[in-house]
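Asker: Need a 3D model of the sequence below.
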Amino acid sequence: MSWQNQVKTIAVAIAVLSGLFMALNLGIGEAVQVVLDPNDPANPLDPNTTAVFGGQVDFVDRIAVLGVFTTILGAAGLGILRTSSGNPPFINTLIRYMPVIVGLVAFTAFSTEVFEVIQGDRVWGDYDDATNSYILFLASSMVAGLVSLLKK
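Answerer: Just a heads-up that it's a prediction; the model follows:
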């Protein structure tokens, strides 16, 4: 196994674990609500959930949490989502390139937090578990996505 494959495998494993921890910490229903409609007045998000996202859930957070679910349910996680000839092409593309997509989102929207993790400068005790696992998911997804791009 090449070093790129080893780094990608480890980064994806960390992404699966941290994403799962984040979703369970928030609550599966609450995490799904973040993706579907965080501003639904009939089903408002818990204040602790919005605190994880800096007080407000924006579009980028929704894409990242969708990435959490596809990573957890994908081949590296529970193996429920797989590429298949029976899937619409969009689903196969989404499954195949999700580490790259989330990695680009992490790089563009969360670069400060992600590079704190990569450089070892993050002060983990300053944040709650859900926030830390969210940022760890983004950082490991960025590493996995970057390595995926480098080895092609």
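
Asker: in the lowest-mean-pLDDT helix or strand in the chain, what's buried?
Answerer: Sorting the helices and strands of the chain by mean pLDDT, DSSP states H and E puts helix 89-109 at the bottom, at a mean of 88. Residues of helix 89-109 classed as buried: 92, 94-95, 98-107, 109 (neighbour count, 16 or more other Cβ atoms under 10 Å). To be clear about C-beta, it is placed using only N, CA and C from the backbone, and glycine gets the same treatment.

Asker: Pull the residues that contact it.
Answerer: 8, 11-12, 15, 60, 63-64, 67, 70-71, 74-75, 81-84, 87, 114, 137-139, 141-146, 148-149 (Cβ atoms under 8 Å, 6 or more residues apart in numbering).

Asker: For ChimeraX, write a command that selects the buried ones of these.
Answerer: Buried residues among the contacts of helix 89-109 (16+ other Cβ under 10 Å), as a ChimeraX selection:
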select :8,11,12,15,64,67,70,71,74,81,114,137,138,139,141,142,143,144,145,146,148
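
Asker: Tell me which of the contacts of helix 89-109 fall in helices.
Answerer: With helices taken from DSSP state H, the overlap with those comprises 8, 11-12, 15, 60, 63-64, 67, 70-71, 114, 137-139, 141-146, 148-149.

Asker: my read: Ile118 touches Ser141, true?
Answerer: No - taking contacts as Cβ atoms under 8 Å, Ile118 lies outside contact range of Ser141: 11.9 Å.

Asker: give me every residue that touches Leu45.
Answerer: Here Leu45 is in contact with Glu30, Gln33, Val34, Pro38, Val57 (Cβ under 8 Å, 6+ apart).

Asker: among these, who's most crowded?
Answerer: Val34 (24 neighbours; other Cβ atoms under 10 Å).

Asker: What is the neighbour count of Gly86?
Answerer: Neighbours around Gly86, by other Cβ under 10 Å: 8.

Asker: Give me the distance between Leu104 and Phe21.
Answerer: 23 Å (Cβ to Cβ, to the nearest Å).
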